[in-house]
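Undergrad: Okay, predicted coordinates and the sequence, questions at the end:
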Amino acid sequence: MKKIAMIPARYAATRFPAKLMQMLGNKTVIRRTYENTVATGLFDEVMVVTDSELIFNEITSHGGKAVMSRKTHESGSDRIAEAVALLEVDIVVNVQGDEPFMQKEPLQHLLEVFEGTAGEKVKVASMMKISNDPARIANPNCVKVAVDKNNFSLLFSRSPIPYHRDQALTPVYYEHIGVYAFRRQTLLDFTQWPMTPLESVEKLEQLRYLENGVPLKMVVVDFEGVGIDTPEDMERAMNLVSID
C-alpha cells in the first residue's frame, strides 16, 4: 500500500490567528509538525497543503514539500482531498498542522488497522486516549468519543460522553486526537457529502462520516502531544520543546 501524510495548514484561525507560523523554540509550529512527520519514516511522501504563501514558503524554503489549495474549504479533510484527487495513493493520513509533537508509534498503530482481512473493513481510522482529567473532560475544546466493543466510533462530542448518571459506576472517557487515516476513495466521497446536522451543531467534521454510516476505527494510544488551539496551548508547548 502506498501511504502518504498530508498536513492541512490554514493560516487563519478563530481562536489563535496565525498559530502555525508562531515560533516554537527556533522553528515554527508548522515546520516542527512537518519535520516530525517526515522523521517517522512511515510514509512514501509527506506534504503540507495550505492556503497561505507564508506557510508554503516556510516549508519549501527548508527543503520540504508543500502545495497551495483554495482558501474556501470547510475542513482540513476537504483541503487535503483537493490534493489527493490528483494522486495515486492507497492510504492518506491527515496530520493536524497544530500537532508539532507527533510521534512514530501512534502513527504506526494507526496505519496497522488497515492491514489484513480485518483491515479491509476499515475505511477511516483515528486516535483516542483515555482521559482522567475532569477539566479536560468538561472542556468543549477537548473532543470526546464513545466507542463500541470493537473500538469503532459511536459518537463524537464536545460534551462529556457518556453522561455519568450512575455514580456507582466509573465511566471510561476517551479524548479524541485529531489525526485521521483514510482510504483515498473514502476521503474523496467525504467531500461530496453535504454538511450534516450534527456536524453543523458541534463543528466536528468527523461526525459527517458517522451521519453517512461510516464509523471510524479508533486506536487507543498513549500520546501526550499538545494541539495548539489557543495562546495557552502555546505556553504548554514551549515547556515541552527542546531547542534543536
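TA: Structure's in. What do you need? Since the model is a prediction, treat every value here as computed from it, not as a measurement.
Undergrad: all helices of the chain, in order?
TA: For the chain, the helices defined by DSSP state H occupy 29-39, 53-60, 76-84, 104-112, 116-119, 134-138, 184-192, 197-202, 206-211, 231-240.
Undergrad: Just the CA coordinates for the fifth one, please, in PDB.
TA: By that I understand helix 116-119. This file holds the C-alpha atoms of helix 116-119, laid out as PDB (Å, rounded to 0.1, in the frame of the first residue of the first chain):
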ATOM      1  CA  GLY A 116      -5.000  -7.900   6.900                       C
ATOM      2  CA  THR A 117      -8.500  -9.200   6.400                       C
ATOM      3  CA  ALA A 118      -9.900  -7.200   9.300                       C
ATOM      4  CA  GLY A 119      -8.300  -4.100   7.900                       C
END
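Undergrad: Name the residues that touch it?
TA: With contact meaning Cβ atoms under 8 Å, 6 or more residues apart in numbering, helix 116-119 is reached by 112-113. From N, CA and C alone the C-beta is placed, and that goes for glycine too.
Undergrad: That helix: which residues count as buried?
TA: Neighbour counts over helix 116-119 (16 or more other Cβ atoms under 10 Å) mark no residue as buried.
Undergrad: Model confidence score at the most far-flung residue of the chain relative to its centre, please.
TA: Distance to the chain centre peaks in the chain at residue 168, reaching 34.4 Å (criterion: Cα atoms, centre = their mean). What the model reports as pLDDT for residue 168 is 96.
Undergrad: Then residue 13?
TA: With respect to pLDDT, residue 13 has a value of 67.
Undergrad: try residue 243
TA: 46.
Undergrad: What residues does residue 138 make contact with?
TA: So residue 138 contacts residue 160 (Cβ under 8 Å, 6+ apart).
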